[in-house]
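Trainee: Compute the structure for the input listed below.
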Amino acid sequence: MEDESTDLEGGQHWNPAKVGAHWQQELERAQRYFKSWHDRCVKIEKIYLDQQSDQTSAAKRRFPMLWANTAVLQPAVYARVPQPVVERRFKDADPVARIASEIVERNLAYTGDEADLDSIMRAVRDDFLLCARGTVWLRYEADFEPLDMGVAPSNLPVGGLPGEMGAALETIADERVCIDYVHWSDFLHSPARRWKDVTWVARRVPMSGEEMEKRFGREAMVSGAAEAAGSCKGESQAERAENEGKTHVWEIWCKSENYTVWIADGSPVALEVSEPPLELTHFWPCPRPAYGTMSTSSLIPVPDYVYYQQQCDEIDLLTRRINKLTDQLRLKVFYPSGDGAVSPAIEKAMRPENDMVMVPIPEWAAFTDKGGSKAVVTLPIDEVQKVIVACMAARKQLIEDVYQITGISDIVRGDTQASETATAQRIKSQWGSIRIRDRQAELARFARDIIRLAGEIICDQFQPETLMLVSGIKLPSMAEKQQVQMQMQQIEMAAGQAAMRAQQMGQPAQSLPEMAAPELPPQLQQMMAQPSIDEVVQLLRNDSIRGFQIDIETDSTIEPDEDAEKQRRMEFVQMVGGFMQQAGAMAQQNPMLVPVMVETLLFAARGFRAGRQLESMLEQVGAQLSEAASAPKPEPQPSPVEMLKLKTAEVKAGAERRKAELGVAQAQIEHRATLDQARGEAAAQALQQFQAQPAYQ
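Mentor: Okay, the predicted model is just below:
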């Protein structure tokens, strides 16, 4: 389609007439491609809704085998709304990815509730079981309001300002992801063998005149829908009543040319041609349809009813035959009439009300000569009863054949025998559901693709305020955190300047109260510990980082056990309790193992969905325990008894020390006295010797 678009000032300009003519041909080609499947699905839907013809007469009665099988399979393949599960792809300690996963999961849960995803999935399930294909369509909507600049507008000249200066500034007031159910007959795509080879997809939307004028404008509506006056008709009276006053408009997404087209059914002129409003990873605004039985040669599915339609026709034939024979199971009495053969009183007494047929025989003599011997003769019905029993047995065997074809076991239908053992029923329950597991997995895959597509739109389009408002998680912005950091830096700088002035004045800095280190309030500490909303949005906006760090799945769409969630929580509590009991004893013996035990606990908790809410708290407590274990321990303080013993020992030691000191002092005194005595004796002896010398004499 290179001739349909030309560059115009760096942009794209498409010719609506050429684009419309091309896409009318493409739509007609796709409708011819799916015509046999479409006609088959119309017949199957009429059989399912019992809209074939008047079913009151016995000749038109049918056995509702299709409805019965569909009613059994409906809760088996889908029973509850899918719950979004957004997890980190690698279960590591990444606070930004963890809080981003929590925000996206809460937004997806809110989106599913607002869009009524459960009813949409049930409609897709019914199309999937009846026609072997179910589809939805996702779109992004936003409500705008004028931006309040706080300044009154000035008086503009007539005509306003030229260009964008005259346009009023607007801001997003509300935004949402819409999930639209698409009927099986309103969805088309290019003929292909595999979904990856599809080049365009389209859905048909009935729109009234007001809706078209609001969406495309008056001129586009008049030019594009003038030739589409007959597109509002339908095949049945109900369809014509639904489409009265509406025009069918096709919304087409062309992947090969990277644009979208809106065109009225039957109109050669496109209503709108533009670039895709959403930049999605796989381009399509819809997931791959939920397909039933298909071959590898085309994307035309085969409804399951096709494979046992002949058996159902035979069942209907036997049902009509049984009903006709059942009508014959009435007492039929033959009696003579006229000429006083039977008195009027007896005839009146034998006259039936409803369930008995009286047949008068005028030529009674001839009738009795051929076999009748009594005044009143009844018609034998034993042979009719035998035929009815045989027909019912044949019909029962055909029903069993249908169950064998469809794979619907008696366990799935809730039918069992009291003589069967519990082991036999468990084996039948295990193997009886194997053939429907693929259908369960297909609908679970379809629900996962819906949630992933909605998550991608939320990550790419939603404003930070909307993400926090819907999720209920309040995160600080980067500007707020920087403002707090600047305030802390200013306080630290003021404290440093005060300390320098105190030193210059010769005053010790510790004596000033303003010298204390500033400490943040608990709320600000918690705010600074959280990642900012800017970091979260940056992660969500980046496709490559988001794909590596966030994984979106769904919880099971089939009916779970009632105590499944309770059991998961109890297992988590038991796991944490047992681990903490063992880890406490090990930590007392060897504190160096505390970091290893903390990481082990986090590894185990990340495997439980119930543990994600406590993961942040466990990380904080684990960090505190690891820090406390690695810090040097103070010397152990003695107990009060030991303190008393130490005091007593100190007193005794002091007494003994004083006693020893007194002994030393006494010994010193005695030693001095001995020395003084020895000196006196030595002096006296020396004096005597001196006097005894001759010179002295």
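
Trainee: And the residue nearest to S532 when sequence neighbours are not counted, how far from R448?
Mentor: Spatial nearest neighbour of S532, chain neighbours left out: M478 (4.6 Å); criterion: C-beta to C-beta, 6 or more residues apart in numbering. C-beta here means a position set from N, CA and C on the backbone, and glycine is covered the same way. Distance of M478 to R448, computed by C-beta to C-beta, to the nearest Å: 33 Å.

Trainee: Which one's more surrounded, these two?
Mentor: Comparing M478 with R448 by other C-beta atoms under 10 Å, the one with more neighbours is R448, at 19 against 13.

Trainee: which SSE is the more buried one in?
Mentor: helix 434-461 (DSSP states H and E).

Trainee: name the helices or strands packed onto the helix or strand just after that helix?
Mentor: Scanning forward in sequence from helix 434-461 by DSSP H and E, the next helix or strand is helix 464-471. On a contact count with 3 or more C-beta pairs under 8 Å, 6 or more residues apart in numbering; DSSP states H and E, helix 464-471 meets helix 95-114, strand 170-182, helix 533-541.

Trainee: got the ones you listed as JSON lines, with mean pLDDT columns?
Mentor: JSON lines is the format used below for the helices and strands packed on helix 464-471 (pLDDT from 0 to 100):
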{"stretch": "helix 95-114", "mean pLDDT": "88"}
{"stretch": "strand 170-182", "mean pLDDT": "90"}
{"stretch": "helix 533-541", "mean pLDDT": "86"}
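
Trainee: Mind checking those for the one nearest to S295?
Mentor: strand 170-182 (23.4 Å; C-beta to C-beta).

Trainee: Export that closest one to CSV, keeping only CA atoms.
Mentor: The C-alpha trace of strand 170-182 is given here as CSV (Å, rounded to 0.1, in the frame of the first residue of the first chain):
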residue,chain,number,x,y,z
GLU,A,170,-5.6,20.2,29.8
THR,A,171,-4.5,17.6,32.3
ILE,A,172,-5.5,13.9,32.8
ALA,A,173,-8.3,13.7,35.3
ASP,A,174,-8.9,9.9,35.0
GLU,A,175,-7.5,7.0,33.0
ARG,A,176,-8.3,3.4,32.6
VAL,A,177,-7.9,0.2,30.6
CYS,A,178,-11.1,-1.0,28.9
ILE,A,179,-11.5,-4.7,28.1
ASP,A,180,-14.2,-5.3,25.5
TYR,A,181,-15.7,-8.7,24.7
VAL,A,182,-15.8,-9.3,20.9
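
Trainee: now the angle between helix 95-114 and that strand, please.
Mentor: 60 degrees (axes from the mean of the first three to the mean of the last three C-alpha atoms, to 10 degrees).

Trainee: Show me what strand 170-182 is in contact with.
Mentor: 111-112, 114-115, 117, 119-120, 123-124, 135-147, 203, 286, 450, 454, 457-458, 461-463, 466 (C-beta atoms under 8 Å, 6 or more residues apart in numbering).

Trainee: Can you point out the buried residues in that strand?
Mentor: 175-177, 179, 181-182 (16 or more other C-beta atoms under 10 Å).

Trainee: Helix 533-541 and the helix or strand that contains Q483, what's the angle between them?
Mentor: Assigned by DSSP H and E, Q483 belongs to helix 478-504. In terms of direction (the same axes, to 10 degrees), helix 478-504 departs from helix 533-541 by 140 degrees.

Trainee: packing partners for the longest helix along the chain?
Mentor: Longest helix in the chain by number of residues, with DSSP state H as the criterion: helix 640-691. Using 3+ C-beta pairs under 8 Å, 6+ apart as the contact test, no helix or strand touches helix 640-691.

Trainee: nearest spatial neighbour of I263, skipping sequence neighbours?
Mentor: Going by C-beta to C-beta, 6+ apart, I263 has A270 as its nearest residue, at 4.7 Å.

Trainee: before we move on, what about F462?
Mentor: That would be E175: by C-beta to C-beta, 6+ apart, it lies 6.0 Å from F462.
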